[in-house]
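Asks: Provide a 3D model corresponding to the input given below.
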Amino acid sequence: MTRNGHYPYQVPIDAYGNGGFRFAQMSHRGSLLCLPSGMHAWDVQHLEEINEISLSRVLDQAEDIDVLLIGLGKEISFLSPQLRESLRNRNIIVEAVATGSAISTYNILLGENRAVAAALISVESARRD
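Replies: Have a look, this model is predicted:
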């Protein structure tokens, strides 16, 4: 059951593309935060929108997260040094990669019962060019 863009369990991502994600036999359109508190709709579409405000749920749950994977869509770029420092100060390792790579790593770490979270920008096509 989802309420207000929230599924109350952290689960693997089954598929992505077409502007969204599939998990727990459901579809979600838009970007997604995968946190210890569950799966949350995330109102971010571009790297420039990733900051302490858009990651406030991550920061609020920092004590339950060791690794944060950020899926940047199809592009790979650098996060601001200030944001990296803020996450590091909360003992969170951050890896910013393409969304597909972030999902693969997230699913593996989640399957190993690691304290992992993901912030995933949605993409239209799952295929890499």
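
Asks: where's the closest residue in space to residue 55 that isn't next to it in sequence, which helix or strand?
Replies: Leaving out its chain neighbours, the residue that sits closest to residue 55 by CB to CB, 6 or more residues apart in numbering is residue 119, at 6.4 Å. For glycine as for every other residue, the C-beta is placed from the backbone atoms N, C-alpha and C. Secondary structure from DSSP states H and E places residue 119 in strand 116-120.

Asks: count of residues packed around residue 106?
Replies: 25 (other CB atoms under 10 Å).

Asks: try residue 15
Replies: With other CB under 10 Å as criterion, residue 15 counts 12.

Asks: SS state for the nearest residue in space to it that is not next to it in sequence?
Replies: Spatial nearest neighbour of residue 15, chain neighbours left out: residue 22 (4.2 Å); criterion: CB to CB, 6+ apart. Under DSSP: H, G, I helix; E, B strand; the rest coil, the three-state class of residue 22 is strand.

Asks: re earlier: quick one, what contacts the residue nearest to residue 55?
Replies: 31-34, 42, 44, 50, 55, 58, 68-71 (CB atoms under 8 Å, 6 or more residues apart in numbering).

Asks: and if you look at residue 63?
Replies: Applying CB under 8 Å, 6+ apart, the residues near residue 63 are residue 90.
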